[in-house]
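>>> Would you be able to build a 3D model of this:
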Amino acid sequence: MKRELKSGPSIGDLDDTPVSYSMTEGVVTLRPSASVAEVARVMAKEKIHSVVVANPLEPGQDPRGSWGVISDLDLLAAARTPEATAGSLAASPSLTVSPEESLGRVARLMRDYQASHVLVVGFDGVPLGVVSTLDIARVLAKRLVTPDSRPLTTPETPQ
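Prediction:
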């Protein structure tokens, strides 16, 4: 699935860019009891790099903090423990931001917590999407390319 950047600012600092500009909308969720094999199957089938684990809520409980994220790197780390479950693999509670927060803040969170994915949640605490390091790289790449730019390397021409 090829993703296009949404329209938004093309030049400027990441602190001026809202998360909603680059986030991947929607999430794929699994229950905490899902096996490592099931996590792998879902990631491969959906061609995604993370899944969200929905922890059960008690009646009336606020959903904030009840979500965990499993990245593709978490899955690789668990490959030798097939008895593990999604609930035990998930970084929980996950790092969360609102769609209005800046990509600069997300980048700093990712750096500080060594995370490759941050969950984007609405005011009600329900996941709306995910921002990954690749999403931020797409924004940076778009901003670093100008119409008159030349490639950093050029193919050698035979003489």
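>>> switch to C-alpha atoms for all contacts and neighbour counts from now on
Will do.
>>> The residue nearest to residue 32 when sequence neighbours are not counted: how many residues sit nearby?
What sits nearest to residue 32 in space, not counting adjacent residues and going by C-alpha to C-alpha, 6 or more residues apart in numbering, is residue 87, at 3.9 Å. Neighbour count for residue 87, taken as other C-alpha atoms under 10 Å: 23.
>>> Counting by contacts, list what the host helix or strand of residue 87 packs against.
For residue 87, the host element (DSSP states H and E) is helix 86-89. Helix 86-89 sits against strand 67-71, with contacts defined as 3 or more C-alpha pairs under 8 Å, 6 or more residues apart in numbering; DSSP states H and E.
>>> any low-confidence regions in this structure?
For the chain, the stretches flagged by pLDDT under 70 are 1-13, 56-65, 145-159.
>>> Strands of that one, residue ranges please.
With strands called from DSSP state E, the chain shows them at 24-25, 29-30, 50-54, 67-71, 96-97, 117-121, 127-132.
>>> gap between residue 86 and residue 27?
Plainly put, residue 86 is 15 Å away from residue 27 if you go by C-alpha to C-alpha, to the nearest Å.
>>> Over to residue 69?
Residue 69 sits 10 Å away from residue 27, taking C-alpha to C-alpha as the criterion.
>>> Name the residue in these two with the higher neighbour count.
Neighbour totals were compared for residue 69 and residue 27, and residue 69 leads with 27 against 17 (other C-alpha under 10 Å).
>>> my guess is that one contacts residue 51, does it?
Yes: counting by C-alpha atoms under 8 Å, residue 51 is a contact partner of residue 69 at 5.8 Å.
>>> Please convert the strands of the chain to TSV, extending it with distance to residue 81.
Shown next, in TSV, are those (distance: least, C-alpha to C-alpha, whole Å):
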stretch	distance to residue 81
strand 24-25	29
strand 29-30	18
strand 50-54	18
strand 67-71	15
strand 96-97	27
strand 117-121	22
strand 127-132	25
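>>> tally of neighbours for the spatially closest residue to residue 37 that is not a sequence neighbour?
Spatially, and ignoring its direct neighbours in sequence, residue 37 is nearest to residue 82 (7.1 Å; C-alpha to C-alpha, 6+ apart). Residue 82 has 10 neighbouring residues, counting by other C-alpha under 10 Å.
>>> For residue 82, which residues are in contact?
Listed by C-alpha atoms under 8 Å, 6 or more residues apart in numbering, the contact set of residue 82 reads 35, 36, 37.
>>> Include distance to residue 119 and neighbour count when you put the residues you listed into TSV, please.
Formatted as TSV, these follow (distance: C-alpha to C-alpha, whole Å; neighbours: other C-alpha atoms under 10 Å):
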residue	distance to residue 119	neighbour count
35	22	19
36	21	22
37	23	16
